[in-house]
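Student: Just to be clear, the model below is a prediction. Sequence and coordinates:
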Amino acid sequence: MMRKYLKVFGFVAGLALTPAAVQGETLADALVSAYKTSNLIDQNQAVLRAADEDAAIAMANLRPVIQYTANYGRNVTQLTASGTTLSAFTSAGFEITASVVIWAGGRGKMLLEVAREQVLSTRAALVNVEQQVLLSAVSAYVDVRLQQEIVALRESNVRVITQEQRAARDRFEVGEVTQTDVSLAEAALAASKANLAAAQGALMVARERFKATVGHYPGKLAALPKTPSIPKTLEEAKSVAERSHPVVTQAQHQVKAADLNVKIAATSFEPTFSGNVSLGHSFEGQRTGDIDNTDYGLGLQMSQTFYAGGKNAATYRKALAGKEQAQAGLLQTVVQVSEGVGQAWAQLAVAHASIEAGRQQVQASQKAFDGVREEAKLGARTTLDVLNAEQDLLSARASRLEAEANRYVGIYQVLSSMGLLTADHLGLGVPSFDPEAYYKAVKDAPAHSAQGKALDRILKSIGD
């Protein structure tokens, strides 16, 4: 269903279409690396495999239980004084039994269905973790590029202020300005160098975050590719999210499991029928003769709890409360998902507005700076005026860069809020974890044979 929505709204990320000739690590490269090296994804894949095994356990509980027992013993009695053996007794036995629950109100099959719902719920949780990992990678990639550009701005600012400081000193030597103008230029230069050091520190922090998210330090980063498409209206985005977001899917399966748990709890008031078959052989050896015994057994059993101190009734009421909790949780999850889409949409709108305002601010600040600098050469402006104009221009450029970065990440935040920020939907081409393959390999609770070998291959590929 999510793939259908992807086609409807044209979510073509374009990450995999980045030209091979582009130098440096692309955003697609970073996303693939983040996916492959994420400990969070590995952790939740293991959680999913454990849930798959719960389904296998539920399947095994529907099958007969076959057990065997074997024993051997020898007893010798001797007179202490003479050491004469009075008796020598040897016994040995073997018994195999098979038992199976014939009917328990459908409890076994419902437990299997609950396990299946938990598997599907855990799969949805894994998809949401994948979204978080990829969104963090996008944010880290964009942040490194942003901080690199901020550093470049700060370096340029230091060069400009250095020129202004030299010019102020030259003008002071010929008597055009006072020592105050020189001191103002020197103070501005010191502040500019301090800001450059802060920007370099922010870049180092961004690099560390990149490594933690992507799995390695950034080298040369390629230009950002075209952003994916998103719906044209907020209502369309919310509609997709409320139907396809993984946390909504997770909550839906939890509701189904809770409903089954109520039915399972109700079976505790009904009788249970079970059957068993046994076959045994025993041997007893004595001085007077040997005895061989072979026993066969077939039995049916019916059991029912008449009184358990109110435990069964309490268990049933607890299951009902759990069902109501899951239903309310689903409704609240839909509300939160819708709210998340609205917030991401609003933040994206703010970023768009900030970019346009920033563009106008940069143009105005550039004209103001050029004009103030020319007027200062004619003596109509002071050094302080030039420095202030330069600082205004720098701030405008930095604000615009930040707005552009926020807009870019905001697109992916909208996708994530809709539940579509996955490796499959972005077309990353990574050999993603196939949850269905593992489930199919273990759902029938195999122990050996071809199924067991297939399971070993799956585990090995996961480890790679």
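Tutor: Alright, I've got the coordinates. Numbering: from 1, shown residues only.
Student: Look up how far L260 lies from the nearest residue to S338 once chain neighbours are set aside.
Tutor: Excluding the flanking residues, the one nearest S338 by CB to CB, 6 or more residues apart in numbering is K238, at 5.1 Å. Glycine gets a C-beta too; all of them are placed from N, C-alpha and C. Distance of K238 to L260, given as CB to CB, to the nearest Å: 30 Å.
Student: for A251, same thing?
Tutor: Noted for A251: a distance of 15 Å to L260, by CB to CB.
Student: Equivalent analysis for H216, please.
Tutor: Separation of H216 from L260 (CB to CB) stands at 45 Å.
Student: quick one: the helices in the stretch 351-464 of the chain?
Tutor: 383-418, 423-426, 435-442, 449-463 (DSSP state H, counting those that start in this stretch).
Student: contacting residues for P271?
Tutor: Residues counted as contacts of P271 (CB atoms under 8 Å, 6 or more residues apart in numbering) are M302, S303, Q304.
Student: about what we covered before: so which helix or strand takes in the residue nearest to S338?
Tutor: Assigned by DSSP states H and E, K238 belongs to helix 234-244.
Student: Can you give me the buried ones in the helix or strand that contains A58?
Tutor: Assigned by DSSP H and E, A58 belongs to helix 39-60. With burial defined by 16 or more other CB atoms under 10 Å, the residues of helix 39-60 counted as buried are 41, 44-45, 48-49, 51-56, 58-59.
Student: Tell me the helices and strands packed up against it.
Tutor: Counting contacts by 3 or more CB pairs under 8 Å, 6 or more residues apart in numbering; DSSP states H and E, helix 39-60 is packed against helix 107-173, helix 435-442.
Student: could you give the angle of it to helix 107-173?
Tutor: 180 degrees (axes from the mean of the first three to the mean of the last three CA atoms, to 10 degrees).
Student: ok, then the element right after helix 39-60?
Tutor: Heading C-terminal from helix 39-60 (DSSP H and E), you reach strand 65-78.
Student: So in that sheet, which strands flank the helix or strand just after that following strand, and in what orientation?
Tutor: Downstream of strand 65-78, the first helix or strand assigned by DSSP H and E is strand 85-103. Sheet pairing for strand 85-103, assigned by DSSP bridges, gives strand 65-78 (antiparallel), strand 272-286 (antiparallel).
Student: what sits against the closest residue to K109 other than its chain neighbours?
Tutor: Closest residue in space to K109, ignoring its immediate chain neighbours: L62 at 7.0 Å, by CB to CB, 6+ apart. By CB under 8 Å, 6+ apart, the contact set of L62 is V101, G108, K109, L112.
Student: Return the per-residue confidence for L62.
Tutor: Per-residue confidence at L62 stands at 81 (pLDDT).
Student: Tell me how far it lies from V101.
Tutor: Taking CB to CB, one finds L62 at 8 Å from V101.
Student: likewise T383?
Tutor: Plainly put, T383 is 92 Å away from V101 if you go by CB to CB.
Student: do Y217 as well
Tutor: Taken as CB to CB, the span from Y217 to V101 is 58 Å.
Student: who has more neighbours, the two?
Tutor: Set Y217 next to V101 and count neighbours by other CB atoms under 10 Å: V101 wins out with 17 against 10.
Student: What separation is there between the closest residue in space to the more buried one that isn't next to it in sequence and W103?
Tutor: Once flanking residues are discounted, V101 sits nearest to S274: 4.9 Å by CB to CB, 6+ apart. Between S274 and W103 the computed distance is 8 Å (CB to CB).
Student: G73 touches S91, doesn't it?
Tutor: Yes: at 4.8 Å, G73 and S91 qualify as touching, with contact defined as CB atoms under 8 Å.
Student: Neighbour count for these two, which is higher?
Tutor: Shown here are G73 and S91; by other CB under 10 Å, S91 has more neighbours (15 against 10).
Student: what's the distance between the more buried one and L279?
Tutor: S91 is 18 Å from L279, by CB to CB.
Student: For the helix or strand where A34 lies, name the packing helices and strands.
Tutor: Assigned by DSSP H and E, A34 belongs to helix 27-37. Judged by 3+ CB pairs under 8 Å, 6+ apart, the packing partners of helix 27-37 are helix 107-173, helix 179-214, helix 423-426.
Student: Leaving out the residues flanking it, which one is nearest to A137?
Tutor: Nearest one to A137, counting by CB to CB, 6+ apart, is A34 at 3.7 Å.
Student: Run a quick neighbour tally on that neighbour.
Tutor: Residues near A34, counting by other CB under 10 Å: 28.
Student: Check A314 too.
Tutor: Residues near A314, counting by other CB under 10 Å: 12.
Student: Secondary structure class of it, three-state.
Tutor: Recorded secondary structure, A314: helix (DSSP: H, G, I helix; E, B strand; the rest coil).
Student: same thing with M302?
Tutor: Put simply, M302 is strand when judged by three-state DSSP.
Student: Could you do the one 4 residues further on as well?
Tutor: In terms of secondary structure, F306 is coil; the call rests on three-state DSSP.
Student: rewinding a little: for the residue nearest to S338, which residues are in contact?
Tutor: S338, V341, G342.
Student: Return the distance of the residue nearest to E149 when sequence neighbours are not counted relative to G329.
Tutor: In this structure, E149 finds its nearest non-sequential neighbour in L401, 5.3 Å apart by CB to CB, 6+ apart. Between L401 and G329 the distance is 41 Å, computed by CB to CB.
Student: neighbouring contacts of stretch 141-158?
Tutor: Residues outside stretch 141-158 that contact it (CB under 8 Å, 6+ apart): 27, 30, 189, 192-193, 195-196, 199-200, 202-203, 206-207, 209-210, 214, 218, 221, 224, 390, 394, 397-398, 401-402, 405, 408-409.
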